[in-house]
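Colleague: From the sequence below, what's the structure:
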Amino acid sequence: MMQAISLFPFQRRGVERLLAAFQNGQRAFLLADEMGLGKTVQALAFAQHVRLPVTVIAPASLVPMWREALEAWEVKGDVVSYAKAASAQSEGRLLILDEAHYVKNPQAQRTKAVAAHARRARFVLAMTGTPLLNRIDEFAHLLSAVGIVSNAYAFLYAYASLTFERVPQRGGGWRDVRKYYLTDAQARRLAHDLNTRFPYLRRTKGEVGLELPAKLRTFITLEVTAREASWAVVQAAREVARKWGMEFDDDERLVEAVFDHLPGAAISTARRLYAIAKAEKAASYLCELIESTDKPLVVFYHHKEVLDTLKAHLPAPHIAGDTPQPDRARLVSEFQSGRHKVLYLSLTAASVGLTLTAADTAVFVEFDWVPANLIQAEDRINRIGQVAKTTYYHYLTANDRIEKLILRKLVEKTQLAKGVLGGDSLKI
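Modeller: Next comes the predicted model:
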């Protein structure tokens, strides 16, 4: 039997906007409602109305959920992951792109595959609560890939400012790199035009009057040092500074000056070393926290070494990238019913697509260095169905000034997205 449509008023208005765009002959639409506002049900209701065969492209972890949803709503279609996007059917179809920020890199094979499908599809519904993860040029390439703008660089020319930065090349020498940025005035203009000129819709929780709990973030300093981690960051920063001919007397000022140009390998190494340094104290903190509450806890981690340490002190199930979908569904159901006091979630594999509203507290033993991913992870508990008045987030940090600098940089990154999109941002 077809799923009965029971939508909030703002969700019905979203479906009406989608139908209007479809009936007016537009080819693509970006539904960018803030996380937790039910983009999936709006997409399914829209699909029921237009009665086109559907192809959904989604992160691999969400493919089973989408298959179940299509069946429940009696919507005919296929679901594939971004990794298998090239094999999808799209000619004349409704193409739904879940977590559409996956196509922000124009050089990535999945972006090229999605862009080809977008040209063949009858209509493209791109959905993401985080369309602007880091940089305005990534947002422009997303709009281009899904067919909302014809040229990313024309969009950037119209809305952004361009500068060039000289960066060192491997093997010596320098090269000029384009860097796009928004002034405050440009951010305001873009926010206005997105809402008045583009096939685009974004609502925040506050705007729709959805009374979700307030978020309260606390940054907990653990009495541990992380000299190896800090040294990895500082050494990488010194190497960048050496190639640029820069000199700094203070390591913190040095890292801040070159942070955006640190090599990915150094960032990954430092992230792992910070986490390992904190793991033992973090486990003790979790044991104390669980004793002081009758509510279950969601705990985010990234590295297996960290998970092993946490489980040695506080045994509990976990969901990671290799957790089969039936086991994911079972663990979520058990957690929601109160069977588990703690559930460990991988930041990269379980920060989307899960509803864990039985908890009102999440603990981040590790952080993703893309701030929008942290907000997505937070919204596993701060979403429709949450009955607590406040949701609490404990970010565990080392007693280390470089890691605290990294946190400040994460906070700064969220301000660009908030200026253009509105909605949530990290605050310290």
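Colleague: Every contact and neighbour count from this point should use C-alpha atoms.
Modeller: Fine.
Colleague: Please tell me how far residue 150 sits from residue 142.
Modeller: 11 Å (Cα to Cα, to the nearest Å).
Colleague: Mind listing what's buried along stretch 232-251?
Modeller: By neighbour count with 16 or more other Cα atoms under 10 Å, stretch 232-251 contains the buried residues 232-234, 236-238, 240-241, 251.
Colleague: Residues contacting it, please?
Modeller: In this structure, residues lying in contact with stretch 232-251 by Cα atoms under 8 Å, 6 or more residues apart in numbering are 167-168, 254-255, 258-259, 261-263, 266-267, 269-270.
Colleague: As a check, name the ranges of all strands in this structure.
Modeller: With strands called from DSSP state E, the chain shows them at 28-31, 54-58, 77-81, 94-98, 123-127, 161-168, 174-181, 200-201, 214-222, 297-301, 318-319, 342-346, 361-364, 390-398.
Colleague: how about those, which one is nearest residue 333?
Modeller: In this view, the strands of the chain are compared for proximity to residue 333 by Cα to Cα, and strand 342-346 is the closest at 11.5 Å.
Colleague: thinking again about what came up before, can I get the strands of the chain in TSV including mean pLDDT, mean neighbour count and distance to residue 40?
Modeller: Below are those laid out as TSV (pLDDT from 0 to 100; neighbours: other Cα atoms under 10 Å; distance: least, Cα to Cα, whole Å):
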stretch	mean pLDDT	mean neighbour count	distance to residue 40
strand 28-31	96	26	10
strand 54-58	95	25	11
strand 77-81	93	21	14
strand 94-98	96	27	8
strand 123-127	96	26	8
strand 161-168	77	13	35
strand 174-181	79	14	31
strand 200-201	94	19	14
strand 214-222	84	15	23
strand 297-301	93	25	23
strand 318-319	93	20	22
strand 342-346	93	22	22
strand 361-364	92	24	24
strand 390-398	89	20	23
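Colleague: between the ones you listed, which one is nearest to residue 117?
Modeller: Nearest to residue 117 among these is strand 94-98 (7.9 Å), distances taken as Cα to Cα.
Colleague: roughly how far is stretch 125-145 from the heart of the chain?
Modeller: Taking Cα atoms, centre = their mean, to the nearest Å, one finds the center of stretch 125-145 at 11 Å from the center of the full chain.
Colleague: End to end on it, go ahead and measure it.
Modeller: Distances were taken as Cα to Cα; on that basis the terminal residues of stretch 125-145 are 12 Å apart.
Colleague: likewise stretch 216-236?
Modeller: Taking Cα to Cα, the first and last residues of stretch 216-236 lie 34 Å apart.
Colleague: swap in stretch 70-77?
Modeller: 7 Å.
Colleague: now stretch 141-158
Modeller: Taking Cα to Cα as the measure, stretch 141-158 stretches 14 Å from start to finish.
Colleague: follow-up on the earlier one: now the strands of the chain in TSV, with distance to residue 115?
Modeller: Below are the strands of the chain laid out as TSV (distance: least, Cα to Cα, whole Å):
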stretch	distance to residue 115
strand 28-31	12
strand 54-58	12
strand 77-81	15
strand 94-98	11
strand 123-127	10
strand 161-168	25
strand 174-181	22
strand 200-201	18
strand 214-222	37
strand 297-301	33
strand 318-319	32
strand 342-346	30
strand 361-364	35
strand 390-398	37
